[in-house]
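Trainee: with the input below, show me the fold.
(4 chains)
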Number of protein chains: 2
Amino acid sequence: MVRMSAADRRAALIEAALRVVSREGLAQATTRAIVAEAGMSLASFHYAFDSRDELVDELIGTVVARERKAVAPEELIAAAGAGASLAELVEAGLLRYFDHLRADPEHEQAMLELTQYALRSPERHPLAVAQYDRYTDLVVEALEAAADLTGARWRLPVEHVARVLVAFSDGLTITWLVDRDDAAAARVAAAAADALSRMADPR
Amino acid sequence: MVRMSAADRRAALIEAALRVVSREGLAQATTRAIVAEAGMSLASFHYAFDSRDELVDELIGTVVARERKAVAPEELIAAAGAGASLAELVEAGLLRYFDHLRADPEHEQAMLELTQYALRSPERHPLAVAQYDRYTDLVVEALEAAADLTGARWRLPVEHVARVLVAFSDGLTITWLVDRDDAAAARVAAAAADALSRMADPR
DNA sequence: AGGCGACTGGGTCAACTGTCCCAGTCCGTC
DNA sequence: GACGGACTGGGACAGTTGACCCAGTCGCCT
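Mentor: Next comes the predicted model:
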C-alpha cells in the first residue's frame, strides 16, 4: 500500500480511468476496473471521490485542459518548407494531427465517447461545449500563426475559420477510426486545407 | 397482450430499442427499458432474441439498411435553382441533410453512439464499416446525379469524393450536436461544398 | 373438436455495480 | 513517545441487469 495525499490519489485515479476508458470504453470503466488499474482498493475510490459521476466529470475537465496543440507552427514550417503556402501549412498541420491520431487512436476514441456521454444529460452538456471551445481555441492559435507565417489574412473572423476546421478534423477522425483508410484521410486533409485556405487573402 | 409472429416481434422490439437509444442513450437501453417501451413482458424479449447483444447488432443492421438519401436530386434542383452550379447543388444537399439533422438530432446521436459501440469490439467493427460504406454509397449516388445535372465531371473516383463528403458531414453533425450553432454549421456546409466542387471539372 | 406448437406472464437467479462502513494502520505534530 | 487525524483493506449491502424457466394460454390446422 502506498500512502499519498487525496489530491495525488484523485489524479492517479483519473489517469487510471483514462487508461481504462481508452482501452475498454466508458461503459467498462467501473469503479472496480478503475481502482484495479490504479492498483488501489475500492475504499480508496470513495475516499477520493464522492461518486463515479464526480470522477467522470473531472476526467473530462482534465483531458480537455490537458489538450495541447498537436503542432507548433515552427514545426510546420520545417515540415512544409520555408516558402509554403497557407494551404500547404494547414494541410501539414492536419497531417500532423493525423499522425497523432494514428499513434493513439484509442485516446481520440475515448475523447469522442466522453463527448457523447456529456451530450446525454443537460447538466453535463456544458462539459462537451467546453471541450469543443478548447479545441477551437487551440486551432485559432494555430491558424493565426499560420496566417502570420505566410502573410495571409483571414477574411472571416478566425474563430469561424477555426470552427470549420474543428468540424473537418472531427469528421476525419471518426471516418478514419471506422475504416482506417490512411489515403482517404489524407484526401480529407487536403480538401479541408484547400477549403480553409480560400477563407484567407494571400499577401 | 397482443399475439404476433416472431418476426413481427423482433421488428417491434428493434423499433422500441431505437426509440430508447435515441431518447436515453445506448447505456440506458436495457432489456427491461426496451420491452417497457414496446409494451411487452421480459420473456417476450428472450423469446424473440437470444441476447441483448443480438438485438443491438440487428438494430445496427436495420438502421443502416433503412438509411435513405436525405434528398432526391430533383428536390435539389428545385431548392438551388435551375442554373445552379455544382458547388451550389452540393451545398443545397448538405443543407438538406442539416435540416434533417435539426429535425431529429437524437436519431443522429443514436447512430453515432451505435458506431462507437461497434468500434469497441473487433467482431462488431465490420458493422461500423458497413454503416459508413452505406453512407458512402448514398453519397456516391447523389454526387453522380449532381454531376449529371450540372454537366460536371469528377476528376477523382467518385467514391473518393464521397468519402470526403461523408467525413465532412460527420464533422458537421458532431460539432453541431455540441454547440447547436446553426450559422457555424452553415459555414461548414459552404466550405465543404466549395472543397468538393473543386474536385470536378465543370463543363 | 382436438391437439400441437407458438407465444406469454410472472417469478427467479447469479453476476455485477455503486456505495458505504468499520476496524485497523500509518504519519506528522506536540 | 503519545495522540489525532489522514488513510487503507476487506467486507457488506441494495439495486440493477441479462438470462432463464415453467406453467399456462391462444391460434391454427387437421
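
Trainee: going forward, measure contacts and count neighbours with C-alpha atoms only.
Mentor: OK.

Trainee: can you map out the strands along chain A?
Mentor: Remark: strands assigned in chain A by DSSP state E are A:153-154, A:200-201.

Trainee: anything in the last one near chain B?
Mentor: Same thing as strand A:200-201. No: using Cα under 8 Å from any Cα of the partner chain, we find that strand A:200-201 stays clear of chain B, coming within 12.4 Å at best.

Trainee: what's the distance between that strand and the middle of its chain?
Mentor: Relative to its chain's centre, strand A:200-201 lies at 27 Å (Cα atoms, centre = their mean, to the nearest Å).

Trainee: which residues sit against that strand?
Mentor: A:A152, A:R153, A:W154, A:R155, A:L156 (Cα atoms under 8 Å, 6 or more residues apart in numbering or on different chains).

Trainee: thought the third one was touching A:M199?
Mentor: So the one you mean is A:W154. Yes: using Cα atoms under 8 Å, A:W154 is in contact with A:M199, at 6.0 Å.

Trainee: re the thing from before, deepest in the core, which of the strands of chain A is it.
Mentor: strand A:153-154 (a mean of 18; mean count of other Cα atoms under 10 Å in any protein chain shown).

Trainee: what comes into contact with that strand?
Mentor: Residues contacting strand A:153-154 (Cα under 8 Å, 6+ apart): A:A147, A:M199, A:A200, A:D201, A:P202, A:R203.

Trainee: avg pLDDT for it?
Mentor: Mean pLDDT, strand A:153-154: 96.

Trainee: picking up where we left off before, JSON lines please, covering the contacts of strand A:200-201 and showing distance to A:A6.
Mentor: What follows is these, written out as JSON lines (distance: Cα to Cα, whole Å):
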{"residue": "A:A152", "distance to A:A6": "50"}
{"residue": "A:R153", "distance to A:A6": "49"}
{"residue": "A:W154", "distance to A:A6": "47"}
{"residue": "A:R155", "distance to A:A6": "50"}
{"residue": "A:L156", "distance to A:A6": "47"}
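
Trainee: what comes up buried for the longest helix seen in chain A?
Mentor: Longest helix in chain A by number of residues (criterion: DSSP state H): helix A:125-150. Of the residues in helix A:125-150, A:125, A:127-144, A:146-147, A:149-150 count as buried by neighbour count, 16 or more other Cα atoms under 10 Å in any protein chain shown.

Trainee: surely A:R52 touches A:A33?
Mentor: No: under the criterion of Cα under 8 Å, A:R52 is not in contact with A:A33, lying 11.6 Å apart.

Trainee: ok so, going back, check the buried residues of helix A:125-150 against chain B, which are close?
Mentor: Applying Cα under 8 Å from any Cα to the buried residues of helix A:125-150, those adjacent to chain B are A:H125, A:A128, A:V129, A:Y132.

Trainee: what does the pLDDT read for the residue nearest the centre of chain A?
Mentor: Closest to where the C-alpha atoms of chain A average out (Cα atoms, centre = their mean) is A:E67, at 5.7 Å. Here, the pLDDT recorded for A:E67 equals 82.

Trainee: what's the spacing between it and chain B?
Mentor: Between A:E67 and chain B the computed distance is 17 Å (Cα to the nearest Cα, to the nearest Å).

Trainee: just A:F168 next, same as before
Mentor: The gap separating A:F168 from chain B is 5 Å, by Cα to the nearest Cα.

Trainee: make CSV out of the strands of chain A and add distance to A:D57.
Mentor: Formatted as CSV, the strands of chain A follow (distance: least, Cα to Cα, whole Å):
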stretch, distance to A:D57
strand A:153-154, 36
strand A:200-201, 38
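
Trainee: looking at those, which is nearest to A:A110?
Mentor: In terms of Cα to Cα, the element of these nearest to A:A110 is strand A:153-154, at 32.8 Å.
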